[in-house]
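Participant: Pasting the sequence and the predicted coordinates here, then a few questions.
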Amino acid sequence: MFASRKLILGSWVITSALEPPLQDHAVLVEDDRIKAIGPIPELEARHPDAARHDLRGCAIMPGFVDAHRHCYGVLAHGIPTEHAPRDFWAFLNEFWWGRIEDRLDHDMLRAAMALSCYDMIRSGITTFFDCLEAPNAIPDGLFVQAEVVKEWGLRAVLCFEATERVSTANGELGLQENVRFIQACQVAGGLVSGAMCHHTTFTCSDAFIRRAHELAKTHHALLHFHCAEGTYEPEQALRKWGKRTIEHYDDLGVLDETTLASQCVQLSPREVEIVGERGIRVVTMPLSNCEVGGGIAPVPEMRRAGATVGLGTDGYVANFFASLRGAFLIHKARLLDPAVMPAREVFHMATADGARAIGLEHLVGSLTVGKQADLIAVDLDLPTPITAHNLFDQLVLWRDQVDVHSVMVAGRWLKQDFVVHRADPEALIAKTREAARRLWGG
Ligand SMILES: [Zn+2]
């Protein structure tokens with residue numbers, strides 16, 4: 001069989017935020033992998049047989065990694081609430097669990113995942129990590145979601161957030177959902193994989209958390225959990241154990257290369273040190289932290305301490321460029337320092353560090369020969385000149401999802417000429433509305 005070759009020409013090629021952008025370069029894609037990167041005339045001369053995709057006027061760059069989301073969350077956008085929740089605990093206990101998560105069924109998950117995939121492709125996200133919290137949608141909630149993701153062609157890590165909140169038996173069912181899903185993905189191969197996941201220290205016992213960690217190790221998967229998203233969890237931990245959340249996890253022996261701790265908003269300086277010393281993976285969601293009144297995560301501090309920090313949307317504001325700008329702006333305001341979190345660093349979190357956070361750094365996160373061909377082209381029709389020096393600022397601050405010209409995952413175009421393939425936006429919205437109506441009214 002002949003290999004399929006595509007030669008993608010760009011005004012700029014960004015291989016990684018750690019390298020200077022390359023002007024008038026091209027990327028050669030063979031089947032699902034990046035085969036070569038070089039100056040346009042050179043690659044054109046060497047590969048006259050390749051299908052030519054002239055995207056000059058665009059920057060070709062690694063696809064974004066949304067390292068934390070809850071795709072079902074789209075069904076809750078705009079849900080009526082009589083009063084804003086008082087705090088993070090009230091948000092979960094009086095609103096999110098009862099009104100949303102406990103009511104989710106498979107049809108709702110399908111509708112939400114389809115709209116989310118469409119939204120992600122529009123935004124230039126090529127890989128995502130999703131955490132399903134729906135105690136009444138197991139068994140098989142993850143498998144239902146995976147079917148939809150495969151139809152859209154995105155790369156994903158999916159997990160179910162096991163919790164003893166409902167019952168011990170439901171917690172065990174959640175762990176088993178993850179084990180079955182991880183194993184099924186390992187056997188099947190492809191773009192979708194699984195992870196182990198438990199909720200928090202306030203909904204899971206120590207024994208349950210240790211078991212989740214063991215299962216993750218046994219099945220060669222990450223252990224994901226939400227960590228100190230607001231003040232509630234560290235306050236509970238201090239009352240119960242006389243130490244803070246990360247300190248408790250450390251004493252349980254579950255902070256290692258397996259660990260992916262999302263949020264990490266309310267951390268003490270000592271916890272930041274532990275996060276760095278253990279080299280755990282972290283994901284930050286600046287916009288949803290604002291939404292729930294959780295605080296501002298010490299992201300620059302964690303990065304300085306040695307943690308890998310990726311960027312996520314939490315399934316809140318779907319446009320990934322909004323999360324980029326949130327990460328860019330919020331730490332400058334908090335630290336009274338315009339020099340922290342430059343655009344280049346935010347871009348790195350949205351690509352390579354996101355990939356590393358979710359354990360896919362060997363496949364994606366940068367445009368590297370031999371890696372998977374997951375890339376996007378962003379239109380550069382900007383009113384001010386573009387230089388190698390300002391390109392990251394131009395992209396992070398002045399571009400948006402409407403400027404995402406093309407999206408490719410594993411060598412396959414999912415969006416071209418600003419249009420998402422196979423998408424029927426009206427039908428997607430109609431199905432989501434129907435699912436949301438059932439969720440809200442049920
Ligand atoms: Zn979350």
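Facilitator: Great, that's in hand.

Participant: Could you pull up the residues touching Ile274?
Facilitator: For Ile274, the contact set (C-beta atoms under 8 Å, 6 or more residues apart in numbering) comprises 246-247, 250, 255. From N, CA and C alone the C-beta is placed, and that goes for glycine too.

Participant: now do Trp12
Facilitator: Shown in contact with Trp12 (C-beta under 8 Å, 6+ apart): 21-25, 58-60, 380, 386, 388, 391.

Participant: May I ask which of those residues has the most neighbours?
Facilitator: Ile60 (29 neighbours; other C-beta atoms under 10 Å).

Participant: Pairing partners for it in the sheet, please.
Facilitator: Beta-bridge pairing for Ile60 (DSSP bridges): Val13, Ala377.

Participant: what does Gln416 give?
Facilitator: Here Gln416, judged by DSSP bridges, has bridge partners Val419.

Participant: can you pick the most crowded of the contacts of Ile274?
Facilitator: Tallying neighbours with other C-beta under 10 Å puts Ile246 at the head of the contacts of Ile274, with 28 neighbours.

Participant: Tell me where the model's unsure across the stretch 1-150 of the chain.
Facilitator: For the stretch 1-150 of the chain, the stretches with pLDDT under 70 are 1-2, 82-83.

Participant: can you put the contacts of Ile274 in JSON lines and add secondary structure, pLDDT and distance to Pro80?
Facilitator: JSON lines is the format used below for the contacts of Ile274 (DSSP: H, G, I helix; E, B strand; the rest coil; pLDDT from 0 to 100; distance: C-beta to C-beta, whole Å):
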{"residue": "Ile246", "secondary structure": "helix", "pLDDT": "98", "distance to Pro80": "36"}
{"residue": "Glu247", "secondary structure": "helix", "pLDDT": "98", "distance to Pro80": "39"}
{"residue": "Asp250", "secondary structure": "helix", "pLDDT": "98", "distance to Pro80": "41"}
{"residue": "Leu255", "secondary structure": "coil", "pLDDT": "97", "distance to Pro80": "40"}
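
Participant: Tell me which of the contacts of Trp12 fall in strands.
Facilitator: 22-25, 58-60 (DSSP state E).

Participant: possible to save the residues you listed as JSON lines with distance to Met196?
Facilitator: As requested, the ones in strands among the contacts of Trp12 are exported to JSON lines (distance: C-beta to C-beta, whole Å):
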{"residue": "Leu22", "distance to Met196": "39"}
{"residue": "Gln23", "distance to Met196": "44"}
{"residue": "Asp24", "distance to Met196": "45"}
{"residue": "His25", "distance to Met196": "40"}
{"residue": "Cys58", "distance to Met196": "39"}
{"residue": "Ala59", "distance to Met196": "37"}
{"residue": "Ile60", "distance to Met196": "35"}
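
Participant: Please identify the one among those residues that lies nearest to Arg437.
Facilitator: Cys58 (39.2 Å; C-beta to C-beta).

Participant: I'd guessed the closest one sits against Val407; true?
Facilitator: No. Here Cys58 does not reach Val407: they are 11.5 Å apart, not a contact under C-beta atoms under 8 Å.

Participant: What is the neighbour count of Gly293?
Facilitator: 15.

Participant: how much space between it and Val74?
Facilitator: As for Gly293, its distance to Val74 is 21 Å (criterion: C-beta to C-beta, to the nearest Å).

Participant: Quick check: end-to-end length of stretch 132-145?
Facilitator: This stretch, stretch 132-145, spans 9 Å end to end (C-alpha to C-alpha, to the nearest Å).

Participant: what's the closest of the ones in strands among the contacts of Trp12 to Val340?
Facilitator: Checking the ones in strands among the contacts of Trp12 against Val340 with C-beta to C-beta, the nearest one is Ala59 at 24.3 Å.

Participant: what's Lys150 in contact with, if anything?
Facilitator: Listed by C-beta under 8 Å, 6+ apart, the contact set of Lys150 reads 190-192.

Participant: Can you list which of these are found in strands?
Facilitator: With strands taken from DSSP E, the overlap with those comprises Val192.

Participant: Can I get the buried part of the contacts of Lys150 as one PyMOL selection?
Facilitator: A single PyMOL command is used to select the members of the contacts of Lys150 judged buried by 16 or more other C-beta atoms under 10 Å:
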select buried, resi 191+192
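
Participant: Out of the contacts of Lys150, which is nearest to Leu154?
Facilitator: Leu191 (7.0 Å).

Participant: Now do the same contact list for that closest one.
Facilitator: Going by C-beta under 8 Å, 6+ apart, Leu191 touches 149-150, 153-156, 409-410.

Participant: Of those residues, which is the most crowded?
Facilitator: Ala156 (29 neighbours).

Participant: And what about His248, helix, strand or coil?
Facilitator: Of the three states, His248 takes helix according to DSSP: H, G, I helix; E, B strand; the rest coil.

Participant: which SS class is Glu434?
Facilitator: Secondary structure assignment for Glu434 (three-state DSSP): helix.

Participant: count of neighbours near the residue lying closest to it once chain neighbours are set aside?
Facilitator: Of all residues not flanking Glu434 in the chain, Ala111 sits nearest, at 7.1 Å (C-beta to C-beta, 6 or more residues apart in numbering). When counting by other C-beta under 10 Å, one arrives at 26 neighbours for Ala111.

Participant: Now the strand or helix carrying Ala111: buried residues?
Facilitator: Ala111 belongs to helix 106-123 when assigned by DSSP states H and E. Residues 108-123 are the ones in helix 106-123 that count as buried (16+ other C-beta under 10 Å).

Participant: Off-centre distance for it?
Facilitator: How far helix 106-123 lies from its chain's middle: 14 Å, per C-alpha atoms, centre = their mean, to the nearest Å.

Participant: so what secondary structure elements neighbour the next helix or strand after it?
Facilitator: Remark: after helix 106-123, the chain's next helix or strand is strand 125-132, criterion DSSP H and E. Counting by 3 or more C-beta pairs under 8 Å, 6 or more residues apart in numbering; DSSP states H and E, the packing neighbours recorded for strand 125-132 are strand 64-69, helix 141-152, strand 155-160, strand 223-227, helix 352-357, strand 404-409.

Participant: Can you tell me what sits against the very next helix or strand once past the first one?
Facilitator: Proceeding N to C from strand 64-69, the next assigned helix or strand is helix 88-90, under DSSP H and E. Helix 88-90 is touched from outside by 229-232, 292-294, with contacts defined as C-beta under 8 Å, 6+ apart.

Participant: now the angle between strand 223-227 and the biggest helix by length in the chain, please.
Facilitator: Longest helix in the chain by number of residues (criterion: DSSP state H): helix 168-188. Angle, helix 168-188 to strand 223-227, by axes from the mean of the first three to the mean of the last three C-alpha atoms, to 10 degrees: 130 degrees.

Participant: and helix 168-188 with helix 141-152, angle?
Facilitator: Counting by the same axes, to 10 degrees, helix 168-188 lies at 30 degrees to helix 141-152.
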